[in-house]
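Visitor: this is a predicted model, with the sequence first.
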Amino acid sequence: MNHKQDMAAFAASNVYRMAGGAALPLKPGLALQFAQVPASACFRKEFAIDHSPLIFGFMLAGLNCCHYAEGALRHTRCVHTGGSNRITYLPETSGVLDCKGGMQRLSILVAPEFLEGYLEQERAKLPTGLGGAINGKNAAFQWTGRQCPQKMRIVADILGAAYAGPLRKMHLEARALELMGMQLSEYLDLDASRPVPRLAASDVSRVRDAREILLQDMETPPSMTQLARMAGINEKKLKYGFKQVFGMPVFEYFRNYRLEMARDLLASGIMSVTEVGVHIGYQSLSHFSEEFRKKFGVTPKKFQGGRQP
C-alpha cells in the first residue's frame with residue numbers, strides 16, 4: 001500500500017473521527033488531525049487499526065487512555081494528559097480508547113516513507129521502533145517526549161493559524177514540520193551538547209528501546225534484569241548507558257516520570273488522589289503521598305486542592 005492510500009485508509013477508520021477528528025491533508029504522506037471531547041462528556045470506543053501512519057500526538061487538555069488488546073503493545077495501557085506528547089505507531093493494533101475531561105488533541109499523521117529522505121543519514125542510529133516503521137515492519141511502538149512550552153506554543157499557532165487559502169496550508173505544513181523536527185531531535189537525541197561516549201550506536205538504540213519498554217506499564221514495570229533482556233542489552237551496559245543517555249539511573253527516571261504523570265492527572269481533576277496513586281502503580285497511598293511531597297513540596301491532596309507548585 002503506498003503512503004497516500006495508507007493515510008487515507010487510516011484517516012477514514014481512525015477512532016478519533018468519532019471525537020470530531022477529521023484529518024486535514026497537507027501533502028502526500030502528511031496530514032493534521034484535531035480531536036476534542038466536551039468537558040461534560042466521556043467518550044469510549046473500541047478500535048482496530050490495520051495500516052498505521054506515524055502519529056506525532058500533542059495533548060492540549062483532558063485525558064485519553066488507550067488499553068491495547070492486540071498487537072505489539074497488547075496488555076499495556078497508555079495515558080495522555082494535558083501537555084504530554086508522544087510518537088506512536090500502531091499497525092495491526094486493537095483496543096479501547098477512553099477520553100474525558102474536555103480532551104483536546106492535535107495529531108500530525110505521517111506516512112513512514114515520508115520520513116525516509118529526512119532521516120537517511122541517521123538510519124543506522126534509529127531506535128528499533130522508528131527504524132522498524134520506516135523499514136516496513138508492522139511492530140507497534142510508542143515514545144513519550146518531554147513536556148515543553150515551546151512545543152505547545154507551536155501547537156497553539158497551528159490551531160490558531162490566521163492565514164487563508166494556499167498560504168494557510170503552507171503555514172500549517174511549515175509548523176507541522178517544525179514540530180516534528182523538535183520531536184525527532186529529542187527522540188534521536190541529536191543535541192550535540194549531550195554526547196554519549198563509550199556507547200556504540202547500536203547500544204544507544206537499545207537503551208532508548210529500554211526506556212520505551214519501561215514506560216509502557218506504570219503498574220507493573222519490569223525488573224532491571226527483565227528490562228535488559230527485553231531490550232537486548234546486558235544489564236551492566238543498560239545501567240551506565242541509561243544514565244549517559246537520559247541523565248539519571250533507570251528507576252529514578254521511572255519514578256520521576258510517573259510522579260510527573262500523577263501531577264498532570266491531579267491537575268486535570270479527572271481522578272481522585274487515590275485513583276491517581278493506583279493508576280500510576282503505587283500500592284500504598286501513604287507512600288505515593290510522601291514521594292509526591294518530596295518531589296513537588298506539597299501533598300497530592302493539597303496540590304489538587306489548588307496549592308500547586
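Guide: Looks like it arrived, so ask away. Residues are numbered from 1 along each chain as shown.

Visitor: run through the stretch 51-200 of the chain and note the low-pLDDT ranges.
Guide: 190-198 (pLDDT under 70).

Visitor: so where do the helices sit in it?
Guide: 112-116, 128-134, 149-159, 165-187 (DSSP state H, counting those that start in this stretch).

Visitor: pull the residues that contact the longest one.
Guide: Around helix 165-187, the neighbours that count as contacts under CB atoms under 8 Å, 6 or more residues apart in numbering are 24, 26-27, 30, 32, 56, 58, 85, 87, 108, 110, 115, 118-119, 127, 130, 143, 145-146, 148, 150-151, 154-155, 157-158, 161, 163, 190-191, 208. Where you see a C-beta, it was placed from the backbone N, CA and C, and this is true even at glycine.

Visitor: same check on the third one?
Guide: Under the criterion CB under 8 Å, 6+ apart, residues 32, 34, 58, 60, 83, 85, 106, 145, 172, 175-176, 178-179, 182-183 lie in contact with helix 149-159.

Visitor: try 7 Å
Guide: Outside of helix 149-159, the residues within contact range by CB atoms under 7 Å, 6 or more residues apart in numbering are 32, 34, 58, 60, 83, 85, 106, 172, 175-176, 178-179, 182.

Visitor: now that we have those residues, which of them are buried?
Guide: Neighbour-count burial (16 or more other CB atoms under 10 Å) is assigned, among these, to 32, 34, 58, 60, 83, 85, 106, 172, 175-176, 179, 182.

Visitor: could you export those residues as JSON lines, including distance to Glu275?
Guide: Below are the buried ones among the contacts of helix 149-159 laid out as JSON lines (distance: CB to CB, whole Å):
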{"residue": "Leu32", "distance to Glu275": "33"}
{"residue": "Phe34", "distance to Glu275": "28"}
{"residue": "Phe58", "distance to Glu275": "25"}
{"residue": "Leu60", "distance to Glu275": "22"}
{"residue": "Gly83", "distance to Glu275": "19"}
{"residue": "Asn85", "distance to Glu275": "23"}
{"residue": "Leu106", "distance to Glu275": "27"}
{"residue": "Leu172", "distance to Glu275": "38"}
{"residue": "Arg175", "distance to Glu275": "36"}
{"residue": "Ala176", "distance to Glu275": "35"}
{"residue": "Leu179", "distance to Glu275": "32"}
{"residue": "Met182", "distance to Glu275": "32"}
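
Visitor: between those residues, which is nearest Glu291?
Guide: Comparing these against Glu291 with CB to CB picks out Gly83 as the nearest, at 20.6 Å.

Visitor: roughly how far apart are the residue lying closest to the closest one once chain neighbours are set aside and Arg211?
Guide: Nearest residue to Gly83 in three dimensions, chain neighbours excluded: Gln147, at 4.8 Å (CB to CB, 6 or more residues apart in numbering). As judged by CB to CB, to the nearest Å, Gln147 and Arg211 stand 16 Å apart.
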